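A.B. asks: need a 3D model of the following:
(one chain, ligands or ions: 1)
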Amino acid sequence: MKTIYLDNAATSFPKPACVYEKLRTYLEDYGACPGRGGYAMARQAGSVLEETRCLLAELLGVKEPNRFIFTLNATDALNLAIKGVLVPGDHVVTTVFEHNSVMRPLNRMEQLGFIRVSRVGGSSNGLVDPHEIYRALTPRTKLVAVVHGSNATGALQPIESIGRLVRQHGALFLVDAAQTAGAVPIDVHKAAIDLLAFPGHKALLGLPGTGALYIGSRARLAPWREGGTGIFSELPLQPEVMPYAYEAGSPNTLGLAGLRESLRFILRYGVAWVRTHELSLTEYFIKGLGRDGRFVLHGPSSLKDRIAVISVSLQNVSPAVIADYLDRYYGIAVRAGLHCAPGAHRFMQTFPEGTVRISPGYFNTLEEIDTCLQALREAADQLFENQVRVESAVPERNLLPYAKAGEAY
Ligand SMILES: Cc1ncc(COP(=O)(O)O)c(C=O)c1O
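C.D. replies: Sure thing, here's the model as predicted:
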């Protein structure tokens, strides 16, 4: 049974074929350490970093490529932004829809008494009102942190309106673009974004272990990693010049060689095309399942307010059991649980079990969505109408990782 992969919100799969080819070329022909030697192989490896930064700049409307700092993933980029910007006494405005990679650093700093945090909610479909954010700003607000596309509700937040209001106030605007970079057009200047954090391994179709933080000219951050930069080695402290101020140690050049190729691939087709494709799959799914009264579809009803993340509940049936059914009988890979965004699930009243999340991506087809719809209806016939108890539907040993999930997801 061939897997139908519908968990692109976790990481995209597969990657474009050209990415695999270029990884091999990097490993076989010029896998040296970039910026650490003047010989040809090292220069060629160095150009991987420079060219990847230029492609990111082209994608996101940035004029200075050196404003992109390479990180391990979106989490790493968000930590660099949050811990680099905030000092004791600062106030932060954020939303209840944030991923744990924003929530947890802020919660800890708040618990230690360093900062104060205000958390804004949204409408019943998960959309944040920019004026709610504006009303929460105080003279001490240093940072506003907002998830662009929620990985739990699928809501696409109006970052341009929020950004304008935040800029008017003077605070820094941090956008978590983990679900949108490569899938939704973003212009950091239009949205008045000071800090944009995103992974390379989701909609940018690159490898795990890649991500980046865009740092705009208004943001001043304390360094997060200090160490070797290959240049300015005589300085006793981390150089202040970008990108070396925030990058230290040997980079993930292999991963970035993959990201360079996937960015070229995306730019060839255009993010607008990706968005149209993903939304057509989303629309097809929503229309297909929306007619079945046994399911609840969460998130905004209008497609323009959505990303290709669809959270679904089936009354009285654990999301984990549905996901297991899809995997076992149809080879369909979807994710069940809280998706590391417990606040969003509390808001949707799907806490602590969460939802089943279907997240189509670049390579999915309408036929695959059809199979998923058929599998969900069949799962509902088996699990909902017969009121099969969770324990008897699936042998316990298979349930354990999910059933005990709760907070862990
Ligand atoms: C909205 C959001 N923010 C942050 C992250 C963390 O991304 P990463 O796994 O690249 O660290 C995710 C991952 O799913 C996410 O969906």
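A.B. asks: got a list of what the residue nearest the centre of the chain touches?
C.D. replies: With distances taken as CA atoms, centre = their mean, the chain has residue 178 as the residue nearest its mean C-alpha position (1.9 Å). Shown here is residue 178, whose contacts under the criterion CB atoms under 8 Å, 6 or more residues apart in numbering are 74, 99, 101, 147, 149, 151, 197-199, 202. From N, CA and C alone the C-beta is placed, and that goes for glycine too.
A.B. asks: return the member of these nearest to residue 169.
C.D. replies: Taking CB to CB as the measure, residue 169 sits nearest to residue 147 out of these, at 19.6 Å.
A.B. asks: what's the neighbour count on the closest residue to the closest one other than its chain neighbours?
C.D. replies: In space, and not counting its chain neighbours, residue 147 is closest to residue 176: 4.4 Å by CB to CB, 6 or more residues apart in numbering. The tally of other residues near residue 176 (other CB atoms under 10 Å) stands at 31.
A.B. asks: now for the longest strand along the chain, which elements pack on it?
C.D. replies: Ranked by residue count, the top strand of the chain under DSSP state E comes out as strand 141-147. Contacts defined by 3 or more CB pairs under 8 Å, 6 or more residues apart in numbering; DSSP states H and E place strand 141-147 against helix 74-85, strand 91-95, helix 100-111, helix 159-169, strand 172-176.
A.B. asks: the residue nearest to the centre of the chain looks like it's in a strand, true?
C.D. replies: No - counting by DSSP: H, G, I helix; E, B strand; the rest coil, one finds residue 178 to be coil, located in no strand.
A.B. asks: per-residue confidence at it?
C.D. replies: Taken from the predicted model, the pLDDT recorded for residue 178 is 98.
A.B. asks: same deal with residue 384?
C.D. replies: Per-residue confidence for residue 384 comes out at a pLDDT of 72.
A.B. asks: how about the helices and strands packed on strand 141-147 in JSON lines, adding distance to the ligand?
C.D. replies: Below are those laid out as JSON lines (distance: least, CB to the nearest ligand atom, whole Å):
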{"stretch": "helix 74-85", "distance to the ligand": "3"}
{"stretch": "strand 91-95", "distance to the ligand": "11"}
{"stretch": "helix 100-111", "distance to the ligand": "4"}
{"stretch": "helix 159-169", "distance to the ligand": "13"}
{"stretch": "strand 172-176", "distance to the ligand": "5"}
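A.B. asks: please identify the most buried of those.
C.D. replies: When neighbours are counted by mean count of other CB atoms under 10 Å, the highest per-stretch mean among those falls to strand 172-176, a mean of 27.
A.B. asks: export it as CSV, just CAs?
C.D. replies: As requested, the backbone C-alpha atoms of strand 172-176 are provided in CSV (Å, rounded to 0.1, in the frame of the first residue of the first chain):
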residue,chain,number,x,y,z
LEU,A,172,8.9,45.0,17.2
PHE,A,173,6.7,42.7,15.1
LEU,A,174,7.7,39.0,15.2
VAL,A,175,5.8,36.7,12.8
ASP,A,176,5.9,32.9,13.0
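A.B. asks: alright, calling it a day.
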